[in-house]
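Visitor: Sequence below, structure please.
(2 chains)
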Amino acid sequence: MANDPIHQFQLFPIVDIDVAGVDLSFTNSALFMALTVGSVVLFLVLSTTGRGLVPNRWQSMAEMSYEFVANTLRSSSGTEGMRFFPLVFSLFMFILFANLWGMFPYFFTVTSHIIVTFALAMLVILTVVIVGLMRHGTHFFGIFIPGGVPMALIPLVSLIEIISFLSRPISLSVRLFANMLAGHITLKVFAAFIVTLGGLGIGGWLGAVLPLGMTVALTALEFLVAFLQAYVFTVLTCMYLNDAIHPGH
Amino acid sequence: MSDRGSGGRGPSGPGGEHGNGGPQDDRALADRLQRLGRSLDRPGAKDDPAPSSASTASSGWGQAVRVSSEFIAGVIVGGGIGWIVDWFFGISPIGLVIFLLLGFAAGVLNVLRVAGRATTPGRDPTKR
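Guide: Sure thing, here's the model as predicted:
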C-alpha cells in the first residue's frame, strides 16, 4: 500500500446490501458523500441559528458563502437566474466540502471518481435542457444556430454546435475529476518518495527533505485547487443555466 | 447587485424549475429580491466575489486542464456519436471518420470559446 498511489481511490463495501441481484452496498464513497452532506447541513444550520445582526464568525462564513454564490449566479445569468440558486448553492457546497474532506489523510475523495462528477454534470445539463424546453419550447434549439452564418453552412455548423453542447457534461465532469485525481496522485507519489529515501540511511534522510518540502507545498496547492474547482464548476453551471433562461441572444 | 433594478426582463414563460411558476412567480421573486436588497443595502455590502488572487496563482495549471478537457470532450463526444451511428446503420468506418472530424471541430470551437476568441452559441457576432 505504501507505494501504491492508486490505492486511495479503491471502493470497498462497508455494509453489504443486495437488492434483487443489484449491488447497492454502502461503500466508503457513500459514507463520504453522507459525511459531506451532513457536514454542509450541520455547518449551515448551526451557523445560522444565532441570526445576529452583527454576525459572529460562523454566521459570517455562512453569509460569505451565500453572497459568493449569489453574486456569481447574478453576474452571469441575471436576477432571473436566482430561481436556480438552491441548485447552484447545493452543488457548490457539495463539491467544496467533498474536496476539502478529501484533503484529510486516509480519507476518500468523492469527487475523484468520474461517475460522481459525471452525475453532477448530467444533473446540470438535464436541468438546462428541461428548463429551456419548458420555458422556450422549440425556440430553445436556437442556441444551436449561430447568427450570421450563410444558409449553406447552417447544417454543418449546427451539427458542430450540437456536438459542442453534448461535450459540455463531459468536459465539466472530466475537469473536476482529473484535477482531484491528479492532485491526490501527485501528493501520494511525493509522500512515498520521502519514505523510500528515508530507508537509504543518512544520505537518504537529507535527500528526503526535498520531497517533504514539495509535499507541503502541494498540500497548499491542493487546498487551492479544491476551492478553485468547486468555483469553476459553479461558474460554468451558471453560464449553462444562462442558456436555459436566455437562449439565442 | 447592480442589475437588481432590471428584474423581470426577458420572456417569462410558464414553467420553471418548480413547475407551478409563471409571470406572477417571476414578479414575486423579483419583488422579494428587491425588498431583500433594500434591507441589506448597507455600506460594504457589495464586494468583489471573484477570487482574483487565487485564479492568477494557479492560472497556468488551471488553464491547461480547462482547455485540454474542453478539447478532449469534443473529440470523445464526436467519436462516440460516430461509433453509435456505425453500430446503428452498419456502415462501419464512415460514421466514425465523419463524426471524429466533426468532434475535432467541436473541440477546437470549445477551446476558442474558453480563450474568448469565439462567441457563445446562439449569439449573433454582428450584434456585439
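Visitor: buried residues in stretch A:122-136?
Guide: With burial defined by 16 or more other Cβ atoms under 10 Å in any protein chain shown, the residues of stretch A:122-136 counted as buried are A:124, A:125, A:127, A:128, A:131, A:132, A:134, A:135, A:136. To be clear about C-beta, it is placed using only N, CA and C from the backbone, and glycine gets the same treatment.
Visitor: With chain B as the reference, measure out to the residue sitting nearest the centre point of chain A.
Guide: For chain A, the residue whose C-alpha lies nearest the mean C-alpha position (Cα atoms, centre = their mean) is residue A:95; its distance is 4.2 Å. When distance is defined by Cβ to the nearest Cβ, to the nearest Å, residue A:95 is 15 Å away from chain B.
Visitor: likewise residue A:94?
Guide: For residue A:94 relative to chain B (Cβ to the nearest Cβ), the value is 18 Å.
Visitor: With adjacent residues omitted, what lies nearest to that residue?
Guide: Sequence neighbours aside, residue A:36 is the residue nearest to residue A:94 in space, at 6.1 Å (criterion: Cβ to Cβ, 6 or more residues apart in numbering or on different chains).
Visitor: Whichever residue of chain A sits closest to chain B in helix, strand or coil?
Guide: Proximity of chain A to chain B (Cβ to the nearest Cβ) peaks at residue A:147, 3.0 Å away. For residue A:147, the assignment made with DSSP: H, G, I helix; E, B strand; the rest coil gives coil.
Visitor: Give me the neighbour count for it.
Guide: Neighbourhood size, residue A:147 [other Cβ atoms under 10 Å in any protein chain shown]: 14.
Visitor: Over to residue B:26?
Guide: Residue B:26: 20 neighbours (other Cβ under 10 Å).
Visitor: Is the one helix or strand it maps to in proximity to chain A?
Guide: With secondary structure defined by DSSP states H and E, residue B:26 is part of helix B:23-40. Yes: counting by Cβ under 8 Å from any Cβ of the partner chain, chain A has neighbours in helix B:23-40: B:26, B:29, B:30, B:33.
Visitor: From residue A:93, how far off is the first one?
Guide: Counting by Cβ to Cβ, to the nearest Å, the gap from residue B:26 to residue A:93 is 26 Å.
Visitor: Can you confirm whether stretch A:151-169 lies near chain B?
Guide: Yes: counting by Cβ under 8 Å from any Cβ, chain B has neighbours in stretch A:151-169: A:159, A:160, A:161, A:163, A:164, A:165, A:166, A:167, A:168.
Visitor: If you average the pLDDT over that stretch, what comes out?
Guide: Average pLDDT, stretch A:151-169: 88.
Visitor: got the CA coordinates for that stretch in CSV?
Guide: These are the backbone C-alpha positions of stretch A:151-169, laid out as CSV (Å, rounded to 0.1, in the frame of the first residue of the first chain):
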residue,chain,number,x,y,z
MET,A,151,-27.6,29.4,-45.1
ALA,A,152,-25.5,26.7,-46.9
LEU,A,153,-23.3,26.2,-43.8
ILE,A,154,-26.1,26.0,-41.2
PRO,A,155,-26.4,22.2,-41.2
LEU,A,156,-22.6,21.7,-40.7
VAL,A,157,-22.2,24.5,-38.2
SER,A,158,-25.3,23.4,-36.1
LEU,A,159,-24.0,19.8,-36.1
ILE,A,160,-20.7,21.1,-34.7
GLU,A,161,-22.7,23.2,-32.2
ILE,A,162,-24.7,20.2,-31.1
ILE,A,163,-21.5,18.1,-30.5
SER,A,164,-20.1,21.1,-28.6
PHE,A,165,-23.2,21.2,-26.5
LEU,A,166,-23.1,17.4,-25.8
SER,A,167,-19.4,17.7,-24.8
ARG,A,168,-20.3,20.1,-22.0
PRO,A,169,-21.2,17.5,-19.4
